[in-house]
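*Asks:* Prediction below, plus the sequence it came from.
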Amino acid sequence: MAVETVNLLLQQNLLQRTNLVEQTSELLSGVIAPVGGNSATTASGVSSQAVVYSPTQGHIVVIAVSTGITLISALSVKDNLNNTLTPGPSISDGAQHITQIFYYTAPLGVTGFTASWTTNSGVSVWVEEYSGALGGVNPSGVTNQGNGTGPVTVSFISTENNSFIVGVLESDSSTTTPSMSSGTSRQVVTTNPMRGRLADNTAASAGTSVTLSATFIGAHAWQAAAIELLLS
């Protein structure tokens, strides 16, 4: 066996052992925590949007996609290894505005994600990674939308103690980015066409109404969607 092959196998084995140690530590810590992420946006005329980000194997990745300008269809998200993320809650105004959340457990070797759809449009994409969500994702989700002075808001009844509600709050405003009023912002897009934030919030007890909310200046169309990350 060539020396290069042996070295590669040793590196892969070390990385797998490191990931196992991290996952064991997360299990013992008993908390969900944001790790990091990225965002990207294109104003118009595209049918895909790439975002560069390398999550840790075994962590949950949450991606929110919002499109405007024209009504799109067949929205999906894949990683660079061609794995398709699970589609979550989606909301559409039936005219030009669609927002949807996607998620999965990250495998080894991921370096980025691409959202794609039919019909050219403008788009914003938000990515955030979470550790400690060993129970995965509650497949139920919530959405909300409106047109006016806001606020952009969505609420979720937690099903587990200390679960995390993760969602996107966006508006089609050309001048102002929503400012958080409930929850913590993790990723933000501050340029057209879809300004907004991927944010999260939590509650100590199951059965609690957990809210994500943001305000903006002026009257605009807005959408929000959220899912729940579980400890066990």
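*Replies:* Received it, and whenever you're ready, just let me know what you need. None of the values given here were measured: they were computed from a predicted structure.
*Asks:* alpha carbons only for contacts and neighbour counts from here, please
*Replies:* Noted.
*Asks:* from what I can see Pro139 touches Thr86, true?
*Replies:* No. At 9.5 Å, Pro139 and Thr86 do not qualify as touching, with contact defined as C-alpha atoms under 8 Å.
*Asks:* Mind checking which of the two has more residues around it?
*Replies:* Thr86 (16 against 12; other C-alpha atoms under 10 Å).
*Asks:* Let me see the contact set for that one.
*Replies:* 102-104 (C-alpha atoms under 8 Å, 6 or more residues apart in numbering).
*Asks:* could you redo the last one with a cut-off of 10 Å?
*Replies:* With contacts defined as C-alpha atoms under 10 Å, 6 or more residues apart in numbering, Thr86 is in contact with 62-63, 76-78, 101-105, 139.
*Asks:* want to try TSV for these, with distance to Gly45 and secondary structure as columns?
*Replies:* Output for the contacts of Thr86, formatted as TSV (distance: C-alpha to C-alpha, whole Å; DSSP: H, G, I helix; E, B strand; the rest coil):
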residue	distance to Gly45	secondary structure
Val62	25	strand
Ile63	21	strand
Ser76	17	strand
Val77	18	strand
Lys78	20	strand
Ile101	22	strand
Phe102	22	strand
Tyr103	25	strand
Tyr104	28	strand
Thr105	31	strand
Pro139	32	strand
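*Asks:* From these, keep the buried residues only.
*Replies:* Burial by neighbour count, judged by 16 or more other C-alpha atoms under 10 Å, picks out 62-63, 76-78, 101-105 from the contacts of Thr86.
*Asks:* Could you work out the most separated pair of the residues you listed?
*Replies:* Ser76 and Thr105 (16.0 Å; C-alpha to C-alpha).
*Asks:* all strands of this protein, in order?
*Replies:* For the chain, applying DSSP state E gives strands covering 33-52, 60-68, 73-79, 86-92, 98-105, 112-131, 136-148, 152-157, 164-171, 179-182, 184-189, 195-202, 209-215, 220-230.
*Asks:* neighbours around Leu134, how many?
*Replies:* 21.
*Asks:* Against Pro55, how distant is it?
*Replies:* When distance is defined by C-alpha to C-alpha, to the nearest Å, Leu134 is 15 Å away from Pro55.
*Asks:* same deal with Ala219?
*Replies:* Taking C-alpha to C-alpha as the measure, Ala219 and Pro55 are separated by 37 Å.
*Asks:* higher neighbour count, those two?
*Replies:* Using other C-alpha under 10 Å as the criterion, Ala219 and Pro55 rank with Pro55 on top: 24 against 15.
*Asks:* Wait, Leu198 touches Thr190, no?
*Replies:* No. Between Leu198 and Thr190 there is no contact under C-alpha atoms under 10 Å: 11.9 Å.
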